[in-house]
Structures are given as C-alpha cells and as structure tokens.
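S.K.: Next come a sequence and a model predicted from it.
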Amino acid sequence: MTMRPDEISKLTDRYQTTVPTGVRKQLQLRKGDQIRYRTDASGRVYIEAVAEARDPALGAFLDLLERDVMDHPERLKPMEGALVQRIGALVGDVAVDLDAPLSPEDE
C-alpha cells in the first residue's frame with residue numbers, strides 16, 4: 001500500500017468531523033455510507049468502510065426479474081381493480097411532488 005500524506009480534520013463541539021477527501025476516495029465512501037473504527041492493543045485506530053450486508057437470495061431474485069423484464073417487456077401489464085384500490089388505501093394520503101428537488105438527506 002502506498003503511503004499517502006497525512007490529512008487532518010477538526011472535531012466540532014458535538015465531536016463530529018468531516019472525513020477528509022483523500023480518505024473518502026481511498027475507502028470509496030459516498031454520502032450515507034457507514035464507517036467502522038477499530039482500535040488495536042497498542043492504541044492505533046483504524047478506519048474502514050462498512051460493507052453493506054446483502055441478501056444473496058434477494059439479489060438473485062432481483063436479477064431474475066430484471067432479466068425477465070428486459071427479455072420480455074410485452075409481459076408487463078398495468079395494475080387494475082382490487083390491487084389498485086389496495087395500493088390507494090395504503091398510500092392515498094401521501095402527497096408526492098415528483099418535480100420537487102431531493103432533500104440533502106435523500107440526495
């Protein structure tokens with residue numbers, strides 16, 4: 001591993017800090033990602049990206065659906081009847097503006 005120059009960040013009054021750009025790039029971090037801190041017996045602290053736990057069955061199922069939709073788009077049908085009414089009952093009172101910009105948390 002190539003040694004990189006030191007990067008420094010400052011703690012806020014609430015003990016928060018910004019992960020320096022070089023560290024974010026090295027760990028391939030994006031907004032919302034998690035990081036883990038590990039401390040060894042000598043007191044040295046390590047920081048690493050937390051890999052998102054993925055369900056292999058769900059991933060395989062979603063891949064299957066994607067292939068089926070790509071291979072057979074003619075099979076896609078609009079939702080009708082009772083299903084539309086049920087979905088409406090679940091989300092009918094939720095207002096959504098599809099043209100509104102995302103909030104910083106949702107970006």
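M.R.: Everything's here; your move.

S.K.: Please name the bridge partners of I47.
M.R.: When bridges are taken as DSSP bridges, the partners of I47 come out as Y37.

S.K.: residues near it, how many?
M.R.: Neighbourhood size, I47 [other Cβ atoms under 10 Å]: 13. Bear in mind the C-beta positions are built from the backbone N, C-alpha and C, glycine included.

S.K.: With the one 5 residues further on instead?
M.R.: Residues lying near E52 (other Cβ under 10 Å) number 7.

S.K.: what pLDDT does it get?
M.R.: The predicted local confidence for E52 comes out at a pLDDT of 77.

S.K.: Phi, psi for it please.
M.R.: In this entry, E52 is assigned phi and psi values of phi -70, psi 130 (degrees, to the nearest 10).

S.K.: Distance check, it against E7.
M.R.: 25 Å (Cβ to Cβ, to the nearest Å).

S.K.: what about the strands in the chain?
M.R.: Listed in chain order, the strands found in the chain under DSSP state E are 35-39, 45-49.

S.K.: Could you save the ones you listed as TSV and add columns showing mean pLDDT?
M.R.: Supplementary listing: these in TSV, determined by pLDDT from 0 to 100:
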stretch	mean pLDDT
strand 35-39	93
strand 45-49	93
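
S.K.: Those strands into JSON lines, with extra columns for distance to A95?
M.R.: Below are those laid out as JSON lines (distance: least, Cβ to Cβ, whole Å):
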{"stretch": "strand 35-39", "distance to A95": "35"}
{"stretch": "strand 45-49", "distance to A95": "36"}
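
S.K.: among these, which is nearest D71?
M.R.: Distances from D71 to each of the strands of the chain were compared by Cβ to Cβ, and the smallest falls on strand 45-49, at 34.8 Å.

S.K.: buried ones in the closest one?
M.R.: Along strand 45-49, no position meets the burial threshold by neighbour count (16 or more other Cβ atoms under 10 Å).

S.K.: contacts for it?
M.R.: Contacting residues not belonging to strand 45-49 are listed as 19, 23, 27-29, 33-40 [Cβ atoms under 8 Å, 6 or more residues apart in numbering].

S.K.: No further queries at this time; thank you.
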